[in-house]
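[1] quick check, what structure comes out for this input:
(one chain, ligands or ions: 1)
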Amino acid sequence: MYNSLLNYFQSKLTGSIPPISLKSGMEKRSMGMYILIFILGQTSCTDKQNVENQGNLEWNKEAAGVWKISFGSPDTINLLSELDITSRLDAIAEMGEDTLPFAHEDISFEVVDGKIYIRFPLEKEEKIFGLGLNFKTVEQRGRIMRLHVDHYGGEDDGRTHAPVPFFVSSRGYGALINAARYIDVWAGTSVRKDSKNPPVIRDRNTDPEWSAQPYSDNLEFLVPADGVEVIVFAGKTMLDVVRRYNLMNGGGTLPPKWGLGFWQRVPTLYTDKDVQNEVNEFEKRGFPLNVVGLEPGWMTRSYPCTYEWDTSRFEDPESFVEGLKEKHIRTNLWINPYVSPDGELYTKIKPYTSSHTVWNGLVPDYTMSEVQKIMTDHFKKHQLNMGVSGYKMDENDGYDSWLWPDVATFPSGTSAEQMRQIYGSLMQKVTTKMYQDENLRTYGLVRGANAGTSSFPFVLYNDYYNHRDFITALINSSFIGVLWTPEVRASQTSEEWLRRMQTVCFSPLAMINAWADGTKPWSFPDVAEDVNAIAKLRMRLIPYLYTAFADYTFQGIPPMRAMNLEAGYAIDPTLSEEAFDATENPYAMAVKQEVKDQFMVGPSVLVAPLFDGEKERKVILPQGKWYDFYTGALVGEGEVITASPGLSKIPVYVKDGGIIPLFPEITRLDNRKHPLEIRHYGNKPNVYELYDDDGETYDYKNGEFTRIGLHVVMDTEGNKSGKVVIPDGKNVWSFSDYQFRFMTE
Ligand code: GAL
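    As a prediction, this is how the structure comes out:
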């Protein structure tokens, strides 16, 4: 009887995909029991078995290699629902089809204790990446977390600025648990009775191999909701999976070109005169400066905020912003979400705010169109129309002891928990749209984000300040479609200062945040020249970085990436323990040990930062030949090398055939064209598609951009030559002429 009931229910379900995994006869019987309870529950519904959603599972194909699964009754508000994302389906289609490494029914869904339990299978040697902006770990298998938007508190426990519930598996697939909820994760920590690959049973008394955490073949999630949507992404490589994820989220952001220059945030109570003096000092010292960031003191009240200029410190804000702009310096303003009773916004916004206040400020319900309009009008009047280029949106990650509690209510009916998970994303959407409506790109900072924000021009930062962990966060950001800056604030020693400056210059946003310390790039005189040199290198790299961001936008490739996403880290699920041999296969060995302190920038640059106190470090070079960025000399090939470049240099390597276009040493980005130095490394012919557009509008979305082909060819004698190919009739905005430089003899 149970079987015929089962067949009946299965035949009711859509598509050819079995709805839930029914493996053993034993399970089938208990499933039959659930269905029986379900039927009984139709007539007398007091039973709390929560089985009514068991059959409610649907798989839908969204794009090539992308499926959306819906189970039960998912919330209407999820991580993506409020963000108005337009997926780049054309780019995904171009990637072609891909399949998942297992049958659909191997992902199982159940209702447990009124919540949704999702299980993905894990194989031996499988690695799991992502699951939020973690600071200490890159591989997540073996960890337990509750993904919860929050300040990072020093532990990778799921509470972080972007706890994105998206994971990438080394088996060549990934999944987003698309729920704006606090999601529990057991990433390979538990053992089920029905395990396909149960751990070896060992005797603790006698077996030294006994482990308190036996082998697990489960990746499990628990979502406190009546249903859930899961988006699954296939890929031949993990990079393909990440690309599909980013492209579904609208493709990565393309910052305005000025955003990739150098940023200085000034002390909180600086006045217009103080800023002028600071700008003059930058000029005098020939130090790059492209964006000045003002901290809370620019406004009349902050914590809570008015978003109105304090004219006692900035007498004529419009002329102030205009004056900076004339010098090709943009203005970025700090804000947080909480509205002060003292400004003109208060009475207008009050009806659309939460039951609770934060720092005595109203909390706008950004899911409401009324709020989006009121805030946009206010921001336009006081900032955008005055020429302000963007925001640093602070405190939208919250912190339990001052944020709205989970009992707070919002007028739209969105729960406090859901709001917590998407508040930063919502603010990003609203401010991005405001600039986009003016056909202007913005670039700024944000402290809270979640899934779906790849296309928003914001970079995460925080108050935590461990240099190594900042680099691990930079690496992790590449798995989850967000950007991260290891901002520089202060340092104990000049060595630390320089080392931090070196890494920030290879990040999505090169910035000193001197809001509290008043530091300047030259604060440590003994390394001031080296700091200047690295900031200038940052400026030189802009054509390369901008192209890397274009690849993020059009192809979903993160501009700064974990080594695990690099070719050579090819997915090989059959890789056995023996394959990790230090002499024969050092690269594979390195893969087994998490790589937390080196990363890729663009297609061919590998950056391996040195940290305060280190004279040398090990660098893992993926397969193929690698060359020193500064000299062009061969440094190794698929091996572990020791780098000791001295204090003034950060170890940077270029892959064989790597082409790096460089600006001259400029300090400002005006609209002038610059000569381009095109460096080629190694001995491989190559083509690099340099990206160019107007650098500040959205016209590129209508095809107003050019890919300039930089070709390096070799004749039969091995002589290299370069050729620049500008497609007929295409505009060039940024480059005046082109000079090839072959770095390797
Ligand atoms: C913090 C933020 C700092 C700085 C400060 C100003 O919350 O993380 O970077 O902006 O506020 O009060």
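
[2] if I pick the closest residue to residue 177 other than its chain neighbours, what's in contact with it?
    Nearest non-adjacent residue to residue 177, counting by CB to CB, 6 or more residues apart in numbering: residue 165, 4.1 Å away. No exception for glycine: its C-beta is placed from N, CA and C like everyone else's. The contact partners of residue 165, taken as CB atoms under 8 Å, 6 or more residues apart in numbering, are 79, 131-132, 147, 176-179, 183, 185, 221, 451.

[3] which one of these is nearest to the ligand?
    residue 132 (18.7 Å; CB to the nearest ligand atom).

[4] I'd like to know how far that closest one sits from residue 446.
    From residue 132 across to residue 446, the span is 15 Å (CB to CB, to the nearest Å).

[5] so between those two, which is more surrounded?
    residue 132 (30 against 27; other CB atoms under 10 Å).

[6] just the element for the more buried one, please.
    Here residue 132, judged by DSSP states H and E, is contained in no helix and no strand.

[7] can I assume it is in contact with residue 150?
    No: applying CB atoms under 8 Å, one finds residue 132 not in contact with residue 150, separated by 10.4 Å.

[8] so what sits against both of the two?
    Residues within reach of residue 132 and of residue 150 at once, by CB under 8 Å, 6+ apart, are 160, 163.

[9] right, and the ligand sits closest to which residue of the stretch 501-650 of the chain?
    Closest point on the stretch 501-650 of the chain to the ligand, by CB to the nearest ligand atom, is residue 515, at 4.4 Å.

[10] and the stretch 301-450 of the chain, which residues reach the ligand?
    334, 394-395 (CB under 6 Å from any ligand atom).

[11] reformat these as CSV; add pLDDT, neighbour count and secondary structure.
    Formatted as CSV, those follow (pLDDT from 0 to 100; neighbours: other CB atoms under 10 Å; DSSP: H, G, I helix; E, B strand; the rest coil):
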residue, pLDDT, neighbour count, secondary structure
334, 98, 24, strand
394, 98, 24, coil
395, 98, 22, coil
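
[12] for the closest residue to the ligand within the stretch 1-150 of the chain, what are its contacts?
    Closest residue of the stretch 1-150 of the chain to the ligand, CB to the nearest ligand atom: residue 150 (13.2 Å). Applying CB under 8 Å, 6+ apart, we find residue 150 in contact with 159-161, 163, 397-400.

[13] ok, the residues you listed vs residue 120, which is closest?
    residue 163 (18.1 Å; CB to CB).

[14] and for the closest one, the neighbour number?
    29.

[15] tell me if I am right that it is in a strand.
    No: secondary structure of residue 163, determined by DSSP: H, G, I helix; E, B strand; the rest coil: coil, with no strand assignment.

[16] quick one on the thing from earlier: how far away is the nearest residue to the residue of the stretch 501-650 of the chain closest to the ligand once chain neighbours are set aside from the ligand?
    Take residue 515 and drop its neighbours on the chain: the residue closest to it by CB to CB, 6+ apart is residue 295, 4.0 Å away. For residue 295, the distance to the ligand equals 5 Å [CB to the nearest ligand atom, to the nearest Å].

[17] surely residue 295 is in contact with residue 264?
    No: between residue 295 and residue 264 there is no contact under CB under 8 Å: 11.3 Å.

[18] so for these two, which sits in the more crowded spot?
    residue 264 (24 against 21).

[19] which secondary structure element is home to that one?
    With DSSP H and E as the criterion, residue 264 is inside strand 262-265.

[20] state the mean pLDDT of the helix ranked longest in the chain.
    The single longest helix within the chain, with elements called by DSSP state H, is helix 416-437. Across helix 416-437, pLDDT averages out at 98.

[21] list the buried residues for it?
    By 16 or more other CB atoms under 10 Å, the buried positions in helix 416-437 come out as 416-432, 434-435.

[22] same deal with stretch 226-238?
    Neighbour count says stretch 226-238 has 226-235, 237-238 buried, by 16+ other CB under 10 Å.

[23] repeat that for stretch 308-327.
    Applying 16+ other CB under 10 Å to stretch 308-327 flags 308-310, 313-314, 317, 320-321, 323-324 as buried.

[24] quick one: the helices in the stretch 301-450 of the chain?
    In the stretch 301-450 of the chain, the helices defined using DSSP state H, counting those that start in this stretch lie at 317-326, 346-349, 369-382, 416-437.

[25] residues of the chain that sit close to the ligand?
    Within reach of the ligand by CB under 6 Å from any ligand atom, the chain has these residues: 268, 295-296, 334, 394-395, 463, 513, 515.

[26] tell me the one of the residues you listed nearest residue 213?
    For those, the closest approach to residue 213 (CB to CB) belongs to residue 463, at 32.4 Å.

[27] who are the contact partners of that closest one?
    Going by CB under 8 Å, 6+ apart, residue 463 touches residue 151.

[28] phi, psi for it please.
    Main-chain dihedrals, residue 463, degrees, to the nearest 10: phi -90, psi -10.

[29] from residue 370, how far out is it?
    As defined by CB to CB, residue 463 lies at a distance of 32 Å from residue 370.

[30] next one: residue 727
    47 Å.

[31] so those two - more neighbours on which side?
    residue 370 (15 against 10).

[32] ok, that one touching residue 353?
    No: if you go by CB under 8 Å, residue 370 and residue 353 don't touch, sitting 10.6 Å apart.

[33] helix, strand, or coil at residue 86?
    Under three-state DSSP, residue 86 comes out as coil.

[34] excluding its backbone neighbours, what's nearest it?
    Residue 86's closest residue in space is residue 250 (CB to CB, 6+ apart), at 5.7 Å.

[35] for that neighbour, which residues are in contact?
    Contacts of residue 250 by CB under 8 Å, 6+ apart are 85-88, 454-455.

[36] report the contact partners of the residue nearest in space to the middle of the chain.
    Against the mean C-alpha coordinate of the chain, by CA atoms, centre = their mean, the closest residue is residue 482 at 1.6 Å. By CB under 8 Å, 6+ apart, the contact set of residue 482 is 133, 162, 164, 449, 453-454, 460.

[37] most neighbours, which of these?
    Neighbour max across these (other CB under 10 Å) = residue 449, 34 neighbours.

[38] I'd assumed residue 459 was in contact with it.
    No: the criterion here is CB under 8 Å, and residue 449 misses it with residue 459 at 9.5 Å.

[39] count the residues that sit near residue 523.
    There are 17 residues near residue 523, going by other CB under 10 Å.

[40] correction: residue 129
    For residue 129, using other CB under 10 Å, the count is 28.

[41] you'd agree it is up against residue 238?
    Yes: counting by CB under 8 Å, residue 129 does reach residue 238; the two are 7.0 Å apart.

[42] anything in contact with each of those two?
    168-170, 564.

[43] farthest pair in those?
    169 and 564 (11.1 Å).

[44] overlap in contacts of those two?
    127, 129, 238.

[45] looking at those, which are in strands?
    Among the shared contacts of residue 169 and residue 564, the members falling in strands (DSSP state E) are residue 129.

[46] now, which of the shared contacts of residue 169 and residue 564 sits nearest residue 303?
    residue 129 (36.5 Å).

[47] quick one, what contacts that closest one?
    Neighbours of residue 129 in contact, by CB under 8 Å, 6+ apart: 138-140, 167-170, 238, 476, 479, 562, 564.

[48] buried subset of those residues?
    138-140, 167-170, 238, 476, 479, 562, 564.

[49] what about residue 670, distance to residue 677?
    19 Å.

[50] let me see the ranges of the helices in the stretch 451-600 of the chain.
    According to DSSP H, counting those that start in this stretch, the helices that the stretch 451-600 of the chain contains are 467-477, 494-504, 528-540, 542-555, 586-592.
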